[in-house]
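# Got a sequence here, can you build the structure:
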Amino acid sequence: MFSPYYAWSGRRDPEDHVCINVALYAPGIHRWTMTERGRTDLERSATHFRVGPSSLTWSDGRLTVDFDEIAVPLPPHQLLPKRVKGKITLVPSAITDTPHDIDAQGRQRWWPIAPTSAISVVFKAGGIPDWQGHGYLDSNWGELALEKSFERWDWARGVAPDGSAMILYDTERRDGSRGLLALKIGTDGKTGHFDAPSPAPLKSGFWGVKRFCHADKGVTPKIVATHEDGPFYMRSVVDTVLAGQKVTLMHESFSGRRFASPIVKAMLPFRMPRATFGGVAYFGVFLVPAALGVIIALAFFLSLAGFTGGHVARQ
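Numbers count the residues shown, from 1 in each chain. As a prediction, the model looks like this:
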């Protein structure tokens, strides 16, 4: 979905551009793995998906993810590449049966497969404590590149006091239309809707990506943490109130206009290396100061170019 190599190839062979992304956050710890591999490292069936040393398997009503990846340097949290290995087990309370169109033409779809799940994570390498708690599983797919369909979006998901999932998907499309899904999905998998309050602006990140979060009238959403702050994408934890209920949301903001930029795509290999000839081409991963210098220079160029994130004014 975000592969620059796939875009540069002319989007001819999606199975030659595959990866399993693992993002881990803990106090003082930030691990990011997103190594792209080719079709020789791909194995798939109706219940199994393997990319190189990592895999996803569906069996006995649960999803098991076995991962063994290399996390790229992310100063100041991590200065050198680091192995991350472990197992994720996700057990849904129920499976929903309704995918949703998120564009006006039905060419981009999203399915909240198991929005209320139990999850456990066990690590063998990576320096992160084992944990268990609430999990979530969804899927996006489409016929077009995301940047061709979307100007931007805000997506958020949290757990209501009754255990149901509250999900917001607020899209601004390239054709000028708007879309808003406000779903409340129970632990039994039944999907309902709620009246979404107006979006409130959140503080932009380092790269100037705009982000908004819905909140009841008179409530100001509060950013608890920002986990990812990139030139086209942000991932945050936000406290808000929806339909009178206090909810902590996992929140993401995506700028399609930013992602469409050749400059931004040229920056992505620092976060998304591609495995080649049995190894991994890290594109400067061992030259961290040089990489940071390039990124800072590009950020300066973007600011000079007035690259404000392609925000469409909200009414």
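# Residue 239 contacts residue 251, doesn't it?
No - if you go by C-beta atoms under 8 Å, residue 239 and residue 251 don't touch, sitting 10.1 Å apart. Where you see a C-beta, it was placed from the backbone N, CA and C, and this is true even at glycine.
# List the buried residues in stretch 93-111.
93-94, 96, 100, 102-104, 108, 110-111 (16 or more other C-beta atoms under 10 Å).
# picking up where we left off before, among residue 239 and residue 251, which residue is more densely surrounded?
Between residue 239 and residue 251, residue 251 has the larger neighbour count (other C-beta atoms under 10 Å), namely 27 against 17.
# did I read that right, that one in a strand?
Yes - judged by DSSP: H, G, I helix; E, B strand; the rest coil, residue 251 forms part of a strand.
# can you pull up the bridge partners for it?
Assessed by DSSP bridges, residue 251 has beta-bridge partners residue 156, residue 236.
# could we number from 822 for the rest of this?
New numbering, starting at 822: the last item is residue 1072.
# List the contacts of it.
975-977, 1032, 1034, 1056-1059 (C-beta atoms under 8 Å, 6 or more residues apart in numbering).
# For the residues you listed, pick the one with the most neighbours.
Most neighbours among these, by other C-beta under 10 Å: residue 1032, with 28 neighbours.
# For that one, which non-adjacent residue is closest in space?
Leaving aside its chain neighbours, residue 1032 sits nearest to residue 1074 (3.7 Å; criterion: C-beta to C-beta, 6 or more residues apart in numbering).
# is it true that residue 991 touches residue 1018?
No - counting by C-beta under 8 Å, residue 991 sits too far from residue 1018 to count as a contact (11.3 Å).
# intersection of neighbour lists for the two?
With C-beta under 8 Å, 6+ apart, residue 991 and residue 1018 have common neighbours residue 1035.
# Quick check: phi and psi at the closest residue to residue 1051 other than its chain neighbours.
In this structure, residue 1051 finds its nearest non-sequential neighbour in residue 1028, 6.3 Å apart by C-beta to C-beta, 6+ apart. Residue 1028 adopts backbone torsions of phi -90, psi 0, taken as degrees, to the nearest 10.
# Near residue 1028, how many other residues are there?
Residue 1028, neighbours per other C-beta under 10 Å, totals 21.
# if I look at it, how far off is residue 1050?
7 Å (C-beta to C-beta, to the nearest Å).
# what's the answer for residue 952, then?
24 Å.
# Can you pick out the residue with more neighbours from those two?
Higher neighbour count among residue 952 and residue 1050: residue 1050, with 15 against 11, using other C-beta under 10 Å.
# Report the beta-bridge partners for that one.
residue 1055.
# In contact with it, which residues?
Applying C-beta under 8 Å, 6+ apart to residue 1050 gives the contacts 1026-1028, 1030.
# Farthest pair within these?
Spatially, the most separated pair among these is 1027 and 1030, at 8.7 Å (C-beta to C-beta).
# quick one: which of these two has more around it?
Legend: neighbour count by other C-beta under 10 Å for residue 1027 and residue 1030, higher for residue 1030 (23 against 11).
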